[in-house]
Every structure is written in structure tokens, then in C-alpha cells.
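*Asks:* sequence and predicted structure, then a few things I'm wondering about:
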4 protein chains.
Amino acid sequence: MTPVGIVGFSGYSGAELVSILSRHPLVEPVLLEHRETEDRARPLNYQGPRRMPYSVGLPLVFLATPPEVSIDLAPGLLEAGAKVIDLSGAFRLGTAENYRRWYQSEHPQPELLSKAAYGLPEFYRDTIPGKQLISNPGCYPTAANLALRPLVEAGVINLQCGIVCDAKSGVSGAGRKPSLKTSFVEVTENFSAYSVLEHRHVPEILRISGLEERQLSFTAQLLPIERGILETIYFRAKGDLNDQKIISIYLDRYVNDPFLRIYPAGTLPDLRGVARTNFCDIGVHIDEATGRAVVVAAIDNLRKGAAGMAIQNMNLALGFPETTGLL
Amino acid sequence: MTPVGIVGFSGYSGAELVSILSRHPLVEPVLLEHRETEDRARPLNYQGPRRMPYSVGLPLVFLATPPEVSIDLAPGLLEAGAKVIDLSGAFRLGTAENYRRWYQSEHPQPELLSKAAYGLPEFYRDTIPGKQLISNPGCYPTAANLALRPLVEAGVINLQCGIVCDAKSGVSGAGRKPSLKTSFVEVTENFSAYSVLEHRHVPEILRISGLEERQLSFTAQLLPIERGILETIYFRAKGDLNDQKIISIYLDRYVNDPFLRIYPAGTLPDLRGVARTNFCDIGVHIDEATGRAVVVAAIDNLRKGAAGMAIQNMNLALGFPETTGLL
Amino acid sequence: MTPVGIVGFSGYSGAELVSILSRHPLVEPVLLEHRETEDRARPLNYQGPRRMPYSVGLPLVFLATPPEVSIDLAPGLLEAGAKVIDLSGAFRLGTAENYRRWYQSEHPQPELLSKAAYGLPEFYRDTIPGKQLISNPGCYPTAANLALRPLVEAGVINLQCGIVCDAKSGVSGAGRKPSLKTSFVEVTENFSAYSVLEHRHVPEILRISGLEERQLSFTAQLLPIERGILETIYFRAKGDLNDQKIISIYLDRYVNDPFLRIYPAGTLPDLRGVARTNFCDIGVHIDEATGRAVVVAAIDNLRKGAAGMAIQNMNLALGFPETTGLL
Amino acid sequence: MTPVGIVGFSGYSGAELVSILSRHPLVEPVLLEHRETEDRARPLNYQGPRRMPYSVGLPLVFLATPPEVSIDLAPGLLEAGAKVIDLSGAFRLGTAENYRRWYQSEHPQPELLSKAAYGLPEFYRDTIPGKQLISNPGCYPTAANLALRPLVEAGVINLQCGIVCDAKSGVSGAGRKPSLKTSFVEVTENFSAYSVLEHRHVPEILRISGLEERQLSFTAQLLPIERGILETIYFRAKGDLNDQKIISIYLDRYVNDPFLRIYPAGTLPDLRGVARTNFCDIGVHIDEATGRAVVVAAIDNLRKGAAGMAIQNMNLALGFPETTGLL
């Protein structure tokens, strides 16, 4: 059992890591205490995972921390020889310019940006094992890129008219820190858009899908549920297209990807189907006569959108079968 | 106090009618018993609204019934001289052809289609009082048409690229009849699209907004909440446009409409703000550089989307001030 | 229209006051700005209630504020001649000793404790109009006292075996200040007891119902809903008792109380039935053979448990019919 | 991999069985098709568990079916030599008289009642492996008996005054068949008691805990959540008792029970802590001066209250370590 560390284990992504890793047959989770927030009560006669003060000695460490903490901790861990899988946005944008534009500040460790693998195995499976630092993708970009990139590559989208990605997320995506916007009474029996066209995840979608900013209208919205992201994606077809052709593009592209599930024509995925799984479910519908097309992509934001994906990356990084502990 | 009848008072729209009308200062609601479904328990020492078996003698009757029941009851009521406000889809589509295409059957009373006023006061305020039969709009079309028609009329939308209307509704929109799709465990912590491009409300949006089918991509989705419709509408601007210009179009168009509320640039409405009100709230955001535009429209599907609108129509039909009982 | 002030209008009870008072035919709500928290976005073309900086000149003021703010503001308002209706726990406990025991501190204005009317009209209707300061009851005690006091007075409870009051409340009862315990992800799909035997509302139940502490086991629990309190009360009958006899005790006691609704044998109230109303609904069931009895009492914690009750008290204080604006 | 059959796999308990068994290292779940209800859409490129028409050839079969179906199928399975774990109420009550009283009908296979093991391993671990038919306990009785029986056996409850068990359950406990009572709009933002003193689970609590009917007041209530049962249990202490003494009783009794977790004094379990686990969490609080005591017990009704417990029983029946597949 390889010991793997988790920093930020009391947050939602961190707790999800602990929960999945506790059942993983090849690693042992170790909770690294570092500015942790309020814990839940713990039973007297129940032994949870091992805990210890933060240190850099483990072979692999997950950073389920805010970007500024990740930027602070990553260099020391890398220097000590650890593999680092970072779940924050700290190392996702590829270039210092991109970071400056979307985060409105200078990246404090710009040299790490180019050293980080982008941890989306479905597209970068081969480069992940060779890198010491893996940047786990954002939750919204994961669903968007898995749904969009095969279609962009296949050239079936009329890019002139642009693409709409109407995204909805459960509240755990906003983290565990209390705020009025995520308090129960404000969220329940409500629904709201909270970031229209300007979400920080947009550059990550553009970077991976190969789209330009003017081609994509992206809106993030808050669902009154704990977990799940569903993205409804609209485009106009270039050339003749029907449900079956789009489905074939996905089936072909993802023939070796165990976590991509494609739905038959006439059916669509929902959030219940992916809850607490590492799957990304995709369904499509197109009106052949007019070329109006709709793709629905669903993931669990804490699994395929965070902790599950991070463990998929860990499996690749440590040379384990990719699905270990995730089915 | 004018007595007004409600058929279908145990359904969600019907119960909402009763609830609003019980506080209306100029009318008395009368529950007309006609194939009612299961009631809630009633207290011993509390006198609710008057009930009586179904009959045609009242001056105005609301039909909160399925379309086939409305089609069955309307002729008798009209013959008896009653004003009829129908909340179903029976008389909304204007022509028998339209009905045949979207309902896949012949309309049994096609002559009533042309006699019915379309009960959207913001656009047909003047014709409503003169008609005996008022067809209350569908919930999705109400939000979509109030958001889209001013912009279509102002000619600021690039129609070449089409419009996306991503609509989300609370579960009460599906009615009170039990079904697996609306049962608690299936809906809670879930979100799903249930009608992509082919919802029966599409022709009603096209008819009123002046759009053609190929120009509109409409998807209906189920929110895990009781009530509320939020529609996120995407288009590309024709010509120079900014937040303030779109806001001015709405403010000008709705200057005499007490139930339309327009939000300042940088803010957006949500469902909490319209819950249990007759308001339609609208907010906008446009990226000036690229012309990508987003409009958010929010209503309570049981109020502005059903019972509230029906009472607004009743006020017009009976010559009362339009907002009576609705603020 | 008498102007009445609301301090704390951005909290949940305060917003509820504003919402009800905006439709009250005899008063005009005035929002008194005093350390208000974050507001919701406000539409451009919609005129809400009047706002002004905090001052003491209005004839009646609601304090929907934390106890320490109420204790701070009340003396100035009273001196200026205003009637004050306080929704906090500041003046509910009757004596300085009681306050010391349950709040573990000295009451800073002990002389006000004896001057305050306890604003439970069903039992103190006559003394409320004569007092300048009215202490609005706590939400849990309101349901408990309305359910228990008639039975205690009728002597039908075997007090030897004690009474259990298992209370469940919606999250709005905890106020609007963000905290981990009331954040969406922690509350949804959860249920928990948060105060067992030692809730600060216990002395208020004892004081009004006439019970002793050893006779009552009270537990407060958090429901994953916005609003509503349901209390399930268990006792053993003294003497022969059946459903009908208990129902009669309530019907007799509350014959002149418009907001108490009693359910027929075999039925029970629920939270949906009282949501957004000023009613307290009560139902009972007893096993005649063994004397095991259960009473269920339901209120909306923001209405009968806070703002609705406060307006009922205002109606009495200003000489209006008691139900004005509340049905 | 031993193949084990599941009848009723489209219901909530059945689907939970499939979900847990799919990750069990020693068995292979086989879906036995027998009057199944509506399925969810299934992806094209995803191989779920094996399905086949109902037959009696497997070594062990779970019946996640209504009692009348279980009574119908069990004899054939037993005759064919299969072990049967029944999740319905068909074989729980021990005697034909008990069944007659609480189900108001004759049991069609009374001889099976005495042959069935009662599948509560914490109290009947030794007898379960020897029986061919195992009756899985009801969800409410599981939490109640695990909380009550150690205290009844220790003699620390004043039985004169009786015990109150105020039970709350998520909606999945009511099964998947659509009904008005479990439809989303009726349940959300609501809470209600649905069975006061007369629930069919009462005799099962009495039988196992050793209490008499007059000693127990049990009420079942519906929480607006998917899953989870929390029972708040009230009693009066016999003799000196404090938190630590009660905690010790539980720790001693359950020292060899891996699924019982006891909370330290001053803390209490909640439903989030047991969701999707096979744990039963217990916490206590007692007022030493007056002997008023409260015990809170929490389980996941679909796990420890149904499918998880059934698999714990399967592990015992097949000679596997008891926790296999359940941690």
C-alpha cells in the first residue's frame, strides 16, 4: 500500500478523495493537517484514515487547497521528490499571460505552468505519467471539453454561429467556506446564473477544446443540489448530421475510455446517473432539417470533476490500471 | 363581490387560483366540483371558500383542467354567457393546422381557436376585455415571449445565427398527477432535460415572438424545486449593442406594464425574487466586443406562468384595475 | 396609513415583516437602515417600500434584530414614545434570574423585563394593547405553548411520566448570518438534532405552559427546508381520554382564536398546510387502551413563529381588527 | 465469484443491492427479471451486471419485492435449494397471530415464519448461517432495536413511564411506486407524520427489543430527503445514570460489531454521517439531575436499513468475512 497524502481533507473535494481512497486497494490515504477547517464529530470506536502534521515526505500528495495555498506548497513537495496532483486552478492555464488576464494578477511561480501536465487522461493519457506535477482540470471544463473537443476535431460544428454552453452546477462546487450565496435558505427553491460569459473556467475550455473566445457563450448557474454538473450545449451543424452520426463520433473517439458513456438516440443522461461515479455521460439530439443540435453532458463535479479525476490521474502516475478504485 | 368559478381547484394551478382569489377584494372564489382529485385534510373550525357541484351559471369561470376537459366544458359555459379563462393548452395555438402538427390530432372545436383572446396583457391588453374566451398563455412561452419579443421588434438580434432558449422549470409545472418522473426520489438531487427542440410550447413562442422554427433552439429542463421558471436566452447582436441599450429597450417597451421588472447592468434576477409574485424579472449581459448576448428571464410558473396571469386577465375582463389582488 | 418602522429588514424575519406589511391596508412599512447586511439586487423600474436612516420618530417600530441590538435600541424608542415590538429573545424570560440562568449573563436592562407584554394573543390578548413594549414569543415556544397549555389547564396529562416535545424547524429559524451549520451542502439530504434538553426556548415554554423543567424533554432538530416548525408531543393521559375529548378541549379553548385550526380525528396537519400563513394547526391521536397520546402542532416559524405573530400584536396594539393583513 | 440473484432490482432497495454487489469481490450480481418496473435509460457502451429471466437455479437469491411476491416466490426457491434473503415484511413477525393482528389477514405460508432467521447479525449472528431463509429486518426496527435493546437488557430504563421513539425517514423508504404522498411537490419543503402509534414496524420492535406495546410510543414521519432514518428516543432513567454510563453500555455490547459507531458525550450523529454506509451511529444525552434521557440513532434506510444489512446477512450465510464489500 503506497501512502498518499491529502492536504485540504476537510473541504468537499478533499473529503471525497479520502472517501474514494479509503476503498482503493493499492494506496493508503494519509490526512496531512495544514490549516484544516472545522471537522465533523468522530465516533469513539471507529478508526478513520491515518492523520499526521503536514510534511513533504510522501511519494504522492493531493493538494485539495485554494490556488494560493497550492502555489505555496507545490515547490517544496516537488523539490522533495513527491508527485503532486493539484486540484486548484493554480496550474491549469498553461501560460502566465492567460493567468494574468483571467486572474488579474501575476502568477508567482510561472515556471511551474509549463511543467504541469493537464490531467485530462482522455486527451493527455500519455504525458501524465512522465510529469511530476499534474494539474487536475476544472469541473466545468471537464464536461465541456469531453463533449466539445471530439466535435470540434470532427469539424461538424458551424463555428460562425458560435456555441452555447449553458452550465449548471451543484453547490459543493463553490467549496465549503460559509457564505451567504451558498447558505441553505438562499439556495433551496432557487436557481440563478452567477457568472455570465466571464467565468474563470472559460480559458481552460478554450485552451483544450481549440475554440476561440468569440465562438463560445458560457454561463455558470447554481442548482439547489449538493453535487453534479450538467451542461446543455447548443450549436448548428456544418453539413449533414443526425443523431447517429454524432453518437458515432463519440463512440469512436472514446472507444478506449472507460469513463465515457454515450446514450442512444432518443435518450439523455441526467445527474442521478453520474452521482458518486467517475463517469461522464453524453447524449445528443439534432433536428436534421435545420441543423439545430443539442448535446447534454453530465458529471459529478466532486468525482469526474475533481476527486475521481485526480485519482484517475494518480493511477496513471503510479502505473496502476486506470480504473483502480473508481468503478 | 362577483362570484367566479374554479374548475380543477385541487390541481396546482387551481389551488393557486383559489389562494390568490381568496384575498382578492372584488371577487369571491367558488370551487366547482368536477372530477376533483384527492384533497388535503381540512380543519374542523376553519371555513374555506364556497364549494358547489359543477354548473354553468357563474359570470366567469376559470378552467384549470387538462386540454380535453377544457374543450369539453368551454362550449357549454360560453353558451350560458359566462366568460371563460382557460389555463390549458386547448386554445393557445391559433389555428387548427398548428394544433394538428404539435398535438398530432384534430382539434375538436376548431371554431373556438379564432374566437379566443391570447391572454398576454403586455401585448394584447386591448383585445382581452372584448372576448368571451381567454386562452391563458403557457408558462414557458410567457417568460420567453416577454424576454424575446421586444428585442425581435427592435431588430437587435442576428437571426442568422439563431437564438437559444435554455429553459428550466420547477416540478409543479408538470401537474399534480403522480408519475415516476415527478416523484421525490427521482427529482431531488437531480437535474435533467426532458424535451429538447420539440416541446409543445415551441409553436406558442414562435406565434407570439415572430420567430421561425429554424431560428429557435428551445430545451425544457426539470429543476428540483416546487415552482419557478428561469430561461437563459442566448443570441448574437446585430449592430452595436451594450447592456444599457438592451435595458433601455425593455424599460421603454414595458413602461406601462406593472409586472415587468428590469435589472440594472451587472445584476441578474433569480427564482427567489419572483416566487409567489406575478412579476417577470429580466436581466441582461452582453460582451460588446463580440456581440455575444445573454438574457435571463424569471417567473413563478404558477403565478405569472398560470394563476397570476389568469387573474390579471380576469381583472381586465371584468373591468377592474389590472393589478387588483396581485401586488 | 400609519407608518411603522422595521429595523433588521434584511434578515429573514425582517424581510417577512416587510412582505406582509406591504399588503396591510392600514399601515405603511418604513425600512429603518441600521447595520443592515447584504441586500439582494433591486430592479430599476420597481419602487419598493420607503427607506430611511434609523431614527426614533415613528409611532411603532419592529425590532427584528439580535437580542443585544434590541436591548440597545429599545430604551431610546420607548423614551421617544414609540410602541416597540421586539422579535428577539431579549425580553421574553420575565425575570432577570431566568435570563441569567439561560443566557449565562446579566440582563443589561432588567427593569424592562417586567414592563414587556408577552405577545401571545391567544393567552394575553387583553394585556397587549396597554403595554408600550411587546416581546414577541419564540418560534418553538409558540407551537409548544399553543399545543400544551390547554391540556395542562384541563388536567388531562399524567405529569408524573413527563412530556416529550420533539421539535423540528426549517433553517430560516437560525437567521441569515452565514455559518457552516446552515450552509446548503451541510443541510440538504441531512437531518440532525442540535439542542437536546438545553435549548434557550425551554424556559419560555415552562413559563407560559405552567410546566416544571423535570416534566419536559425538549429537543430541537434541523429540517432541510426553508421554513416551518412541526412539534410532535407525547404524553400519557390522566383518566379516560380519546381523540374526540382532546379535540373538544382545543375547540373550546380556541373558539375565539382565528389562527388556531384543529384537525378532525384520523387526520394530522403538516408544514405545507401552514406555510406562509399565520395559522397554528393542531391534530391529535391517542390510544385509548393504554393512554399513549400524541399531539402534532405545526406553524410557519417566520409567520406565526415570528413576523405574522408580530403583526397580530401590532394590530392589537394599534386597535385594528386582529386579523387585518393576515388572512 | 458466486452468482447471486436479485429479484426487484428496479426498486430502490433492489438497485442499492445491485450497486453494492457490483463492487463485492466474492459474488457476481445477476438481475432476475420478474415484473420489473420502468428502467432508466442505459448507455450504449457500458456493460452493466448480467440479466436473465427469473429462474430458481442460483445458490442465493435476494427478494427485494413486496411481501405478497416474496411469499409467492420463496417456497420455490427454497425447494430448489437456494438460500433466500427476503427484504420485505413477509417473514419478520415470527408468528401467524402477530401477522394476523398487524396485517389484518392470514399468512399464506405460516410454516415459513418459524423457519426464517431474523437477519439482525448484532443479536442473531450465530443462527443466521444455519438457516435457508433469512428475513431482513425492517428499516425503522433496525435503528430502534440497535438503540433500545442494550438499554433494556441493562435495565436502565424506567419502563413505567414508557419510551418515546420519534422516527423520521427519507422518502425512498416508501418504495418506488408513484403516489401523491411521495411526489416531489407534496414532499419538498414539507414534513409530516404519517403513522402515529400504529405502524406495522411496531410489532417487530417489540419482538426484538423485549418491550410491551403499552411501553412504546412510536411515530413515523416523512423527511424531504432521499434516504436516511433518524430516531430520537426518549426515556427516563432508572437509577443513577449519566452520558458516560450509557455510552459504556453501548461500547461493551457492540465491542465486536463493526457497523455500530458510538459518539462521545456532547456530540450526536446525523444522517449525513451514515449516508451510503452500513453504519448505525448512536449518540446520547441525559440530564443527570432529573433522569430525562435522549438517544439518537441514525442509519441509511437503504443500507443498514435494507440492502447493506441484506449483504451483511449474505456474507454470514456464505461464510465470507462479515464486512466484505461493505466498508
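*Replies:* Cool, the structure landed.
*Asks:* for the rest of this, base every contact and every neighbour count on C-alpha atoms.
*Replies:* Noted.
*Asks:* centre of the chain to stretch A:55-64, how far?
*Replies:* Mean-position distance between stretch A:55-64 and its chain equals 20 Å (C-alpha atoms, centre = their mean, to the nearest Å).
*Asks:* again, but for stretch A:156-165
*Replies:* Per C-alpha atoms, centre = their mean, the centroid offset for stretch A:156-165 relative to its chain is 23 Å.
*Asks:* what's the answer for stretch A:221-237, then?
*Replies:* Here the centre of stretch A:221-237 is set off from its chain's centre by 14 Å, with C-alpha atoms, centre = their mean.
*Asks:* does chain C sit close to it?
*Replies:* Yes. For stretch A:221-237 and chain C, the contact criterion (C-alpha under 8 Å from any C-alpha of the partner chain) is met by A:225-226.
*Asks:* same deal with stretch A:41-59?
*Replies:* No. Stretch A:41-59 does not reach chain C (C-alpha under 8 Å from any C-alpha); its nearest approach is 12.3 Å.
*Asks:* now that stretch - C-alpha only, PDB.
*Replies:* C-alpha atoms of stretch A:41-59 as PDB (Å, rounded to 0.1, in the frame of the first residue of the first chain):
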ATOM      1  CA  ALA A  41     -17.800  14.800  15.200                       C
ATOM      2  CA  ARG A  42     -16.000  11.500  15.100                       C
ATOM      3  CA  PRO A  43     -17.200   8.300  16.800                       C
ATOM      4  CA  LEU A  44     -15.400   6.800  19.700                       C
ATOM      5  CA  ASN A  45     -15.000   3.200  18.400                       C
ATOM      6  CA  TYR A  46     -14.200   3.900  14.800                       C
ATOM      7  CA  GLN A  47     -10.700   4.200  13.400                       C
ATOM      8  CA  GLY A  48     -10.600   6.500  10.300                       C
ATOM      9  CA  PRO A  49      -7.600   7.000   8.000                       C
ATOM     10  CA  ARG A  50      -4.200   7.900   9.400                       C
ATOM     11  CA  ARG A  51      -3.600  11.600  10.200                       C
ATOM     12  CA  MET A  52      -0.300  13.500  10.600                       C
ATOM     13  CA  PRO A  53       1.000  17.000  10.600                       C
ATOM     14  CA  TYR A  54       1.800  18.400   7.100                       C
ATOM     15  CA  SER A  55       5.300  17.200   5.800                       C
ATOM     16  CA  VAL A  56       6.800  16.600   2.400                       C
ATOM     17  CA  GLY A  57       8.000  13.000   2.800                       C
ATOM     18  CA  LEU A  58       5.300  11.100   0.900                       C
ATOM     19  CA  PRO A  59       5.700   9.800  -2.600                       C
END
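*Asks:* which residues does it contact?
*Replies:* A:2-5, A:7, A:18, A:22, A:29-34, A:76-77, A:80-83, D:251, D:261-264, D:267-269 (C-alpha atoms under 8 Å, 6 or more residues apart in numbering or on different chains).
*Asks:* in it, what counts as buried?
*Replies:* Within stretch A:41-59, the residues scored as buried using 16 or more other C-alpha atoms under 10 Å in any protein chain shown are A:42-43, A:45, A:56, A:58-59.
*Asks:* again, but for stretch A:245-256
*Replies:* For stretch A:245-256, using 16+ other C-alpha under 10 Å, the buried residues are A:246-247, A:249-251, A:253-254.
*Asks:* that older thread, from the buried residues of stretch A:41-59, which has minimum pLDDT?
*Replies:* When those are compared by pLDDT, residue A:42 scores lowest at 91.
*Asks:* helix, strand or coil for that residue?
*Replies:* coil (DSSP: H, G, I helix; E, B strand; the rest coil).
*Asks:* would you mind measuring from it to chain B?
*Replies:* 26 Å (C-alpha to the nearest C-alpha, to the nearest Å).
*Asks:* with residue A:76 instead?
*Replies:* 40 Å.
*Asks:* dump the residue contacts of that residue.
*Replies:* Residue A:76 touches residue A:56, counting by C-alpha under 8 Å, 6+ apart.
*Asks:* quick one: it is in a helix?
*Replies:* Yes. The assignment for residue A:76 is a helix, going by three-state DSSP.
*Asks:* can you list the buried residues of stretch A:245-256 in a markdown table and add pLDDT?
*Replies:* Below are those laid out as a markdown table (pLDDT from 0 to 100):
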| residue | pLDDT |
| --- | --- |
| A:246 | 98 |
| A:247 | 98 |
| A:249 | 98 |
| A:250 | 98 |
| A:251 | 98 |
| A:253 | 98 |
| A:254 | 98 |
